[in-house]
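Chemist: this one's structure only:
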Ligand SMILES: *Cc1c(COP(=O)(O)O)cnc(C)c1O
């Protein structure tokens, strides 16, 4: 599920501690490691079934490995984009699609996923749900306002259970339609409506695993006992998984939270004040977010796992657009997380430098993480692993601006889809029209 009916978020009852098992875990191939981590949370799925689901998820769908680590200059890069849509969201959404299918087969019934996307999440969600028995997926995007590559990635999926909807409006309009329909509990029940957005706990769960695998790989390569991990983040989804991995005992000494100019999270971790400002359009559109939907989960732990305190802070934030936590001794909000934001010129500079010096092309999201890693001295101290969240071929304009040529931003998977047939429904910016479309097309 996404949001609970009361608007809150789900969390595990407790965070398991695996620090005594690191010696065994570090020898496991990715699918086995995923099984050992995920089974600690998914205690209601029989182990053999869970193993099958995980093997199916992390097999040939990920070309060249799920989360391979490569050394580049002073840092290591963990390429999380080897899945079908070339973005890290595949790591969790492929798992989620398989979990949906499994649970629906056991329980019977259907699930209709309704999503709104400004680009990247939509394609990863579609690839996670395509052709899954029992699941229909409806993804709205603002007509004419997603990039040509993103549009192709979504609309070239022709499976009968996939429905792309171009809304005559903005991304905010799409989100408004989605939230209004999701809040209509009668409609939600009648059509078994679910969500696949970043507040779905299973997405966080699927992401915990690569923090362990990345830390193990870098520890083995360097002989270090612990590493730092730099995470480009928007909704606090990816880095929340990292923070939980730290709490579970992963060999990680610090997380580096990287934002673009939309720096609400960086400001929070530097001052203790979380306050909304305007949304800027940047080279890393998947991080152009002000209110981070997973931040509330982190805040729960930060206020001593006290639901009343959390509720009061979130109410204050809802009313005033600002909330504040006490900073600890030494003036830090959390000694596990340091943070910095990357400006446009720094991102362009990092892409250009890495291309020239190391012959490695960073996508603009990954470049934010690399810039932050450099700010915190990547060459000294514990080694730094930077998470690469997308393949550069998804963002050819930024690569061209940085390097003078889009030639470095090519991938055969992108080229292959550019000539495929597409299917998409155009609808007005109207809640009832979308409801009717769902009702008419629900299998
Ligand atoms: C979604 C996305 C992010 C941000 O991830 P969060 O979970 O929102 O922190 C970063 N990079 C890319 C390429 C993405 O698609």
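Modeler: On my side now, so go ahead. Just so it is clear, the model here is predicted, and its values are computed rather than measured. Numbering: from 1, shown residues only.
Chemist: neighbouring contacts of the helix or strand that contains residue 368?
Modeler: Using DSSP states H and E, residue 368 sits in helix 364-375. Helix 364-375 has contacts (C-beta atoms under 8 Å, 6 or more residues apart in numbering) with 75, 77, 228, 230-232, 256-260, 282-284, 286-287, 339-342, 346-347, 350-351, 354, 362, 384, 386-390, 395, 398. Every C-beta, even on glycine, is put in place using the N, C-alpha and C of the backbone.
Chemist: So that helix, near the ligand or not?
Modeler: Yes - residues of helix 364-375 contacting the ligand under C-beta under 6 Å from any ligand atom: residue 365.
Chemist: Show me how far the helix or strand hosting residue 149 is from its chain's centre.
Modeler: Using DSSP H and E, residue 149 sits in helix 148-155. Taking C-alpha atoms, centre = their mean, to the nearest Å, the mean C-alpha location of helix 148-155 is offset from the chain mean by 19 Å.
Chemist: Is any residue of that helix near the ligand?
Modeler: No - Helix 148-155 stays clear of the ligand (C-beta under 6 Å from any ligand atom), getting no nearer than 10.3 Å.
Chemist: and that helix, what does it pack onto?
Modeler: Where contact means 3 or more C-beta pairs under 8 Å, 6 or more residues apart in numbering; DSSP states H and E, helix 148-155 is packed against helix 120-129, strand 135-142, helix 412-417.
Chemist: Could you tell me which residues of the stretch 1-150 of the chain lie near the ligand?
Modeler: Selection of the stretch 1-150 of the chain residues close to the ligand by C-beta under 6 Å from any ligand atom yields 87, 89, 120.
Chemist: Can you redo the residues you listed as CSV, where the extra columns are pLDDT and neighbour count?
Modeler: Formatted as CSV, these follow (pLDDT from 0 to 100; neighbours: other C-beta atoms under 10 Å):
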residue, pLDDT, neighbour count
87, 95, 26
89, 95, 31
120, 79, 26
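Chemist: how about the helix holding residue 149: buried residues?
Modeler: 149, 150, 151, 152, 153, 154, 155 (16 or more other C-beta atoms under 10 Å).
Chemist: Let me have those residues in CSV, extended by pLDDT and distance to residue 164.
Modeler: Below are these laid out as CSV (pLDDT from 0 to 100; distance: C-beta to C-beta, whole Å):
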residue, pLDDT, distance to residue 164
149, 91, 15
150, 91, 11
151, 93, 9
152, 95, 11
153, 95, 10
154, 96, 5
155, 97, 5
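Chemist: Out of those, which is nearest to the ligand?
Modeler: Among these, residue 150 lies closest to the ligand (C-beta to the nearest ligand atom), at 10.3 Å.
Chemist: so how far is stretch 397-416 from its chain's centroid?
Modeler: Relative to its parent chain, stretch 397-416 has a centroid offset of 22 Å by C-alpha atoms, centre = their mean.
Chemist: What separates the first and last residues of that stretch, distance-wise?
Modeler: Its first and final residues considered, stretch 397-416 spans 19 Å by C-alpha to C-alpha, to the nearest Å.
Chemist: Tell me where the stretch 101-250 of the chain has strands.
Modeler: 111-116, 135-142, 162-167, 193-194, 227-232 (DSSP state E, counting those that start in this stretch).
Chemist: Identify the residues contacting residue 95.
Modeler: Counting by C-beta under 8 Å, 6+ apart, residue 95 touches 38, 53, 54, 57, 202, 205, 206.
Chemist: Show me these that map onto helices.
Modeler: Of the contacts of residue 95, the ones assigned to helices by DSSP state H are 38, 53, 54, 57, 202, 205, 206.
Chemist: could these be laid out in a markdown table, adding neighbour count?
Modeler: What follows is those, written out as a markdown table (neighbours: other C-beta atoms under 10 Å):
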| residue | neighbour count |
| --- | --- |
| 38 | 22 |
| 53 | 20 |
| 54 | 26 |
| 57 | 26 |
| 202 | 19 |
| 205 | 22 |
| 206 | 26 |
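Chemist: what's the closest of those residues to the ligand?
Modeler: Distance to the ligand, by C-beta to the nearest ligand atom, is smallest for residue 206 among those, at 11.4 Å.
Chemist: Check the contact between the closest one and residue 92; I expect there is one.
Modeler: Yes - assessed by C-beta atoms under 8 Å, residue 206 is found in contact with residue 92 at 3.4 Å.
Chemist: State the distance from residue 189 to residue 311.
Modeler: 26 Å (C-beta to C-beta, to the nearest Å).
Chemist: that older thread, got a markdown table for the helices and strands packed on helix 148-155, with distance to residue 302 too?
Modeler: Listed next are the helices and strands packed on helix 148-155 as a markdown table, based on distance: least, C-beta to C-beta, whole Å:
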| stretch | distance to residue 302 |
| --- | --- |
| helix 120-129 | 26 |
| strand 135-142 | 33 |
| helix 412-417 | 39 |
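Chemist: That'll do, ta.
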